[in-house]
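[1] no sequence on hand, only this structure:
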């Protein structure tokens, strides 16, 4: 593989027994008899054409970055014979610059050529994406343009022609397939890219420069090995050991599923094959916008036809796996094989599904909860009681509240699977027909699913995961004893559930392929909408011309996206190479393109479509003592000047003045205060300390008609190291002038998970006073409803009239990780 200017370069694979025509050195162009001869030539200390000066940087794998200073020492070791550099290449933006000599000359004068300037290009992009050709022609013929400057393009046809002439990357192809001695209802159209060209295109994309990995490496934290990215797994070392010296592994990740496009108008279906490479860090690859997608659309894609199409698409990749391929860098669901005698992986080394078909979390874990455990709860707890519990849960911002219960839901979405999974254990705890073992079985099962989702595993965390699954199997008989496992014919007295069998393969998959979260189908499910259904909505929906229209839409979208980035960088004189960042900055962007633009051209991110950036409150918010959390309140309070006597009345806090006086040792019963009804609490990820999490809104609303007792959320607190207070004074202490105070009601832990026999959860109870605290994170409390819930309890009053609660450690993965693997000690809750 060649190297893009300012970046590193690697190879897909090199075989030392390469036989065939002479091979040219990618750096100097001399011909050699084999790839191994090129390696010897480049390593020759006297005659090498390659400069051995350390002028190139490669991104440091995220596992090697030391985040928390209190964390154990992290050590790492690269594979000794991987990822050699073989010369300088060009990334995709540099190729665009030299696309056409005539256009290159014109674009040196006007970067937006053939458009007059950046403004006209933005207008052209808007018209192309938002209007039909008929509407564009109507727009260009408006009288408004008769007295004003009109665009350079005079018709929709000319506009589309100019866009087609822009420097573009890969072009989509269309192939019509036919069965011998069999006639299909419609022609089978395969719209496709050559997979090897797709891999090269992604690999040379400069937006991923700071997120690439090239070498297998072992990461050790303390005395334990970590498994996170594929390149930290055993399989990566096994493959690398079988390759020639200097070769670089390119991990191809495929996902495929069908999606219906029309139901009432002919039953049109699309069957995309989505492709990305595992050399991109999983944190980026899991974001849909960063998943460089190349789908293939067919009317029919089953068994033999699927494998025939895959053979066509991946033919060159199979050759490259055997002979190697030079390329420039940037600086799944199992199928029914009935009747298939030539599966597409038959002649593709290292593509055996028995090794490379990992456990898939979305369908195997999350949808499993809705398909089985939720049904068990309906049978044992009862639909009415279960619905009553869900309806009475406290409403938190950002958390789904099932105001109508869950029993009526027939088509459960992916998001609803997650939401039910987060609350199911605490919701059923203590109900009349459940035993402690029944609830504990659910708790261990949910723990296992959360542990599997971790982006970083160690030997001890894998052992904890195995323990949770073993405990579930030890207790699962109580589910059968309760007649909870039922089918269409009645009670089922076994657990012959395929997804449960797959749970046992997870440990082996983690050690061989590393964290399973990087292969989750959540992204591909979303891409079925953005890359299948959305393009279809932009066609005229005529089957006769559908294929051509889809090709044009896909080609234009990719061309405009890249041209937009290219013209922005080129017009501002910014290098077309995304320089490797040498400092570990806090990351608030979720799209690598926006990260690059934010660094080199701040303020220009709005030129690009993508997920909204995470607002980084660490820049201007109120930092916690350890600087791992920040608080944000609006500049204008909800109550600018509220007399303390009046505050005590409207908030129903009769002791507020006395408590405030006692806390800050300042006589304030006659003063006034500013009040806020909510604040934002933002944390750094417990998995990656440089990643900023979405801020959580913490509510503190005064009583109202909808919430007669107020609407307040819960937060986790820790006791301060010192309860020292200022001396009595008539002047407000300076440390309180810029920092809002929180008035809290405490919940004391009355039982830890090991002490709570009912649910194995933290058991909380109201108390009335405690000094000196610091907010740690926002949490969710679920009331202890008892064997049969009091139906006067609602979402509006459950936090106030209930006296005991469970701390829901499954409210999200960050909270779960903090509670189970963090060093935090829980003292009190508000």
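    Done, it's in. None of these values were measured; they are calculated from a predicted model.
[2] what's the closest non-adjacent residue to residue 441?
    Setting aside the residues directly before and after it, residue 441 is nearest to residue 475 in space (C-beta to C-beta, 6 or more residues apart in numbering), at 3.9 Å. No exception for glycine: its C-beta is placed from N, CA and C like everyone else's.
[3] quick check: that neighbour touching residue 439?
    No. Using C-beta atoms under 8 Å, residue 475 makes no contact with residue 439, being 9.5 Å away.
[4] between the two, which is the more surrounded one?
    residue 439 (25 against 20; other C-beta atoms under 10 Å).
[5] what does the secondary structure element (helix or strand) that the more buried one belongs to contact?
    In the assignment (DSSP states H and E), residue 439 maps to helix 436-452. With contacts defined as C-beta atoms under 8 Å, 6 or more residues apart in numbering, helix 436-452 is touched by 359, 361, 365-366, 369, 373, 377, 380, 421, 424-425, 428-430, 461, 464-465, 468-469, 471-472, 475-476, 478-479, 482, 503, 506, 516, 757-761, 810, 813, 816, 820.
[6] can you give me the helices for the stretch 351-500 of the chain?
    353-356, 361, 367-371, 373-381, 383-392, 414-428, 436-452, 459-475, 477-481, 498-503 (DSSP state H, counting those that start in this stretch).
[7] these: which one's closest to residue 564?
    Residue 564 lies closest, by C-beta to C-beta, to one member of those: helix 414-428, at 30.8 Å.
[8] buried stuff in that closest one?
    414, 416-428 (16 or more other C-beta atoms under 10 Å).
[9] mind naming the longest helix for this structure?
    Criterion DSSP state H: the longest helix present in the chain is helix 546-571.
[10] counting by contacts, list what that one packs against.
    For helix 546-571, the packing partners by 3 or more C-beta pairs under 8 Å, 6 or more residues apart in numbering; DSSP states H and E come out as helix 92-97, helix 118-130, helix 156-165, strand 173-177, strand 188-192, helix 534-537, helix 592-600.
[11] which residues are contacting the helix or strand that the last one is followed by?
    The one in question is helix 592-600. Per DSSP H and E, the first helix or strand lying C-terminal to helix 592-600 is strand 622-623. Strand 622-623 is contacted from outside by 629, 630, 631, 632, 738, 739, 740, using C-beta under 8 Å, 6+ apart.
[12] out of those, which sit inside strands?
    Mapping those onto strands (DSSP state E) picks out 629, 630, 631, 632.
[13] would you turn the residues you listed into CSV with neighbour count?
    As requested, these are exported to CSV (neighbours: other C-beta atoms under 10 Å):
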residue, neighbour count
629, 22
630, 21
631, 19
632, 15
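[14] pipe these into TSV and attach distance to residue 127 per row.
    What follows is the ones in strands among the contacts of strand 622-623, written out as TSV (distance: C-beta to C-beta, whole Å):
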residue	distance to residue 127
629	46
630	42
631	45
632	39
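[15] farthest pair within the contacts of strand 622-623?
    Maximum distance among the contacts of strand 622-623 (C-beta to C-beta): 17.0 Å, for 629 and 738.
[16] re earlier: out of the contacts of helix 436-452, which end up buried?
    Buried among these by 16+ other C-beta under 10 Å: 359, 361, 365-366, 369, 373, 377, 380, 421, 424-425, 428-430, 461, 464-465, 468-469, 471-472, 475-476, 478-479, 482, 503, 506, 516, 758-761, 810, 813, 816.
[17] now the end-to-end length of stretch 804-812.
    21 Å (C-alpha to C-alpha, to the nearest Å).
[18] quick one: average pLDDT of it?
    Average pLDDT, stretch 804-812: 91.
[19] show me the contact partners of that stretch.
    Outside stretch 804-812, the residues that reach it (C-beta under 8 Å, 6+ apart) are 399, 421-423, 425-426, 429, 446, 450, 747, 749-750, 753, 759, 761-765, 779-784, 815-816, 819-820, 826, 829.
[20] switch to 6 Å and redo it
    422, 426, 446, 761-762, 764-765, 780-784, 816, 819 (C-beta atoms under 6 Å, 6 or more residues apart in numbering).
[21] so who does the residue nearest to residue 441 touch?
    437, 440, 441.
[22] most neighbours out of these, which is it?
    With neighbours taken as other C-beta under 10 Å, the top of the contacts of residue 475 is residue 441, carrying 24 neighbours.
[23] helix, strand or coil: sort out the closest residue to residue 629 other than its chain neighbours for me.
    Using C-beta to C-beta, 6+ apart and skipping residues adjacent in sequence, the residue nearest residue 629 is residue 683, 5.2 Å away. Following DSSP: H, G, I helix; E, B strand; the rest coil, we place residue 683 in the strand state.
[24] what's the answer for residue 113, then?
    coil.
[25] and it, what pLDDT?
    84.
[26] do residue 691 as well
    At residue 691, the pLDDT recorded in the model is 80.
[27] if I look at it, how far off is residue 159?
    41 Å (C-beta to C-beta, to the nearest Å).
[28] the stretch 151-300 of the chain: strands as residue ranges?
    173-177, 188-192, 217-221, 224-227, 252-256, 259-260, 269-270, 273-277 (DSSP state E, counting those that start in this stretch).
[29] all set now, cheers.
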